[in-house]
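> The following block contains a protein sequence and its predicted model.
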Amino acid sequence: MTISPDTVSLADIEAARARIADRVRHTETAASAALTERVGYPVFLKCEHRQLTGSFKLRGATNALLRLPPEIRRRGVVTVSTGNHGRALAHAAAAEGVRCAVCLSTLVPANKIAAISAAGAEPHVGGASQDDAQQAAEKLVAEQHLILIPPFDDPDVIAGQGTLGLEIVEDVPDLELVVVPLSGGGLAAGVAAAVKGLRPRVRVVGVSMERGAAMHASLLAGHPVPVDEVPTLADALGGGIGLDNRHTFAMVRSLLDDVVLLTEGEIAAAIRHAHAVEGETLEGAGAVAIGALLAGKVAPRGPSVAILSGGNVDPALHRRILAGADTVEELA
């Protein structure tokens, strides 16, 4: 399919990079000896869990905030989040002296809510899904005239996330494959637009979980569909993509070469591998690219990059996964 003309271009992503350059880190792209030996081709880990707020979300949140005219920005911002985007927007807003409210469902881990509050934002927790959180955010927009910055389906957010793709191409110029976590599609769409804009033949594969993968279900249906949001080790990948999705669905459908799903056990195994072998502490969503390679669900044909998208895992839950827990039920 053809991407609609109002979506994100390589030029948009390059402009975003210049805009946010002094506010985010160019994170390391580190070689993984263990994964290289396992798959037979060089594998590199894009360590975005080392970003300032512990996830890639700072890129898109910062770009979207800075794109607002100063007089609009002063009204304050609000967003909907599974945790990482809210923390990122809180950080970006604090740096600009802007009020920030974050609406979250009760499925969001307590450590992420605490981090949002610590960054100076106002967490509003309620409801059992991202849809409920979206309604709460829309109420704040209507009643308090805050500016809504979406977590993924927004051109400025997508362009910000795409800056990660520019770094990957610079760091691994002979790239063949990028494995990217997939939820609402902001990261996957931005990275794919950047990578394929510079290296059209590079494959980009999205990875999600079997439990409640809304983008995958929507791709199968051919249009955005609602999906029940259920507990998963990859909690940051939960939530719907919006039935009125305007950008990420079309971009993901056009630009991704494949989407694969992981079991909860495969996600847990990836978290354990990251800690024991790579020396990295990852949340479930941040580990799924490693999980896809370990499970053989993605087959590299050349130098590959696995994006480690976030490390904001609750320490107690992480310890229990390392001890052998394979599902959220075993963590209860």
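Sure, I can see it.

> residue contacts, Cys47?
For Cys47, the contacting residues are 27-30, 280, 308, by C-beta atoms under 8 Å, 6 or more residues apart in numbering. In short, each C-beta sits where N, CA and C put it, glycine included.

> ok, now with 7 Å
27-28, 30, 308 (C-beta atoms under 7 Å, 6 or more residues apart in numbering).

> what's it sitting at in phi/psi?
phi -90, psi 60 (degrees, to the nearest 10).

> Do you know the pLDDT at it?
pLDDT, Cys47: 98.

> Check Ser129 too.
What the model reports for Ser129 is a pLDDT of 89.

> pLDDT at the nearest residue to it once chain neighbours are set aside, what is it?
Leaving aside its sequence neighbours, Ser129 sits nearest to Glu229 (C-beta to C-beta, 6 or more residues apart in numbering; 4.5 Å). For Glu229, the model assigns a pLDDT of 88.

> Check the contacts of Cys47 for burial and list the buried ones.
Among the contacts of Cys47, those classed as buried by 16 or more other C-beta atoms under 10 Å are 27, 30, 308.

> The first one in helix, strand or coil?
Here Thr27 is recorded as coil under DSSP: H, G, I helix; E, B strand; the rest coil.

> tell me, which strand in the protein spans the most residues?
With secondary structure taken from DSSP state E, the chain has its longest strand at strand 203-209.

> Go through that one and flag the buried ones.
Within strand 203-209, the residues scored as buried using 16+ other C-beta under 10 Å are 203-209.

> What of stretch 306-317?
For stretch 306-317, by 16+ other C-beta under 10 Å, it's 306-314, 317.

> any residues touching that stretch, and which ones?
43, 45-49, 54-56, 83-84, 109, 111-112, 115, 178-181, 187, 236, 280-283, 285-286, 289-290, 293, 331.

> circling back to that earlier point, could the buried ones among the contacts of Cys47 go into TSV alongside pLDDT and distance to Ala325?
Shown next, in TSV, are those (pLDDT from 0 to 100; distance: C-beta to C-beta, whole Å):
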residue	pLDDT	distance to Ala325
Thr27	98	28
Ala30	98	27
Leu308	98	21
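
> of these, closest to Gly240?
Closest to Gly240 out of the buried ones among the contacts of Cys47 is Leu308 (24.5 Å), distances taken as C-beta to C-beta.

> how close does that closest one sit to Val141?
The gap separating Leu308 from Val141 is 33 Å, by C-beta to C-beta, to the nearest Å.
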